[in-house]
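Colleague: Sharing a model prediction with you, sequence too.
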Amino acid sequence: MSEVQRDKGSLSKFNPKKIKITPNSDDGPIRKGEWHWSHTLMLVGLFVGVIVSVLFIDKTLITWTGVLRLYLICALTGLLVPYRMYRKLLRMELTEVILSGVIGVGPCLMALIFMLNYIIAFNPQEYTYQVQHLNKVESGRDVDKIELMYNTDKLDDYPRLRTFDLYNDIAAIDAGFVKYTYKSGLFGMETVRDIEFSKGKN
């Protein structure tokens with residue numbers, strides 16, 4: 001018998017067992033598309049969280065860069081916990097976890113921080129600034145807002161706190177001085193409690 005025939009005979013006797021791979025049950029879909037509480041959280045965060053945040057941001061001394069930084073911290077903190085540790089407990093898919101953080105937990109937590117910072121505030125202080133000049137803010141063909149420039153740089157980074165609606169704050173046009181009342185909030189962010197316009201310094 002030739003060596004080739006012996007090799008073929010030995011190969012014919014070799015019958016490897018088939019390996020059956022079963023999918024990990026943890027990797028499959030945890031639900032079949034039914035409504036989940038995280039979907040409600042997303043809707044609440046997207047609407048209520050954003051609206052409440054904007055209301056209190058307008059009364060807080062924080063830049064838009066600071067707002068973005070705080071939002072990212074609130075939205076991404078939950079992702080630091082490994083997903084597999086709470087997947088079955090919360091019955092959430094990975095996509096739901098990410099979306100819940102971005103448009104659910106993030107806005108809601110940020111709104112709560114700004115709200116508590118404004119409500120729980122201490123140490124009221126008053127500062128009066130002299131108006132140097134004003135800038136007209138045009139909206140289409142009409143001028144409906146003005147931006148006041150002061151003799152201090154304290155509010156230079158917060159133009160929204162120096163911009164006033166001519167329909168609601170008509171006194172801002174002739175103001176020579178503007179008095180701001182501040183309070184230090186729970187989380188260390190200063191909040192504006194009141195703004196008064198006057199032609200002369202009080």
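Modeller: In hand now; what should we look at? Just so it is clear, the model here is predicted, and its values are computed rather than measured.
Colleague: What residues does Cys108 make contact with?
Modeller: Taking C-beta atoms under 8 Å, 6 or more residues apart in numbering as the criterion, Cys108 is in contact with Leu41, Val44, Gly45, Val48, Gly49. To be clear about C-beta, it is placed using only N, CA and C from the backbone, and glycine gets the same treatment.
Colleague: Just the buried residues from those residues, in PyMOL please.
Modeller: Applying 16 or more other C-beta atoms under 10 Å to the contacts of Cys108 leaves a buried subset, and the PyMOL line that selects it is:
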select buried, resi 41+45+49
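Colleague: Widest-spaced pair of the contacts of Cys108?
Modeller: Leu41 and Val48 (10.5 Å; C-beta to C-beta).
Colleague: and the longest strand for the protein?
Modeller: strand 121-139 (DSSP state E).
Colleague: Show the average pLDDT along it.
Modeller: If you average the pLDDT over strand 121-139, you get 91.
Colleague: Report the strands that pair with it, each with its relative direction.
Modeller: Using DSSP bridges, the strands paired with strand 121-139 are strand 142-150 (antiparallel), strand 177-185 (antiparallel).
Colleague: from the middle of its chain, how far away would that strand be?
Modeller: 26 Å (C-alpha atoms, centre = their mean, to the nearest Å).
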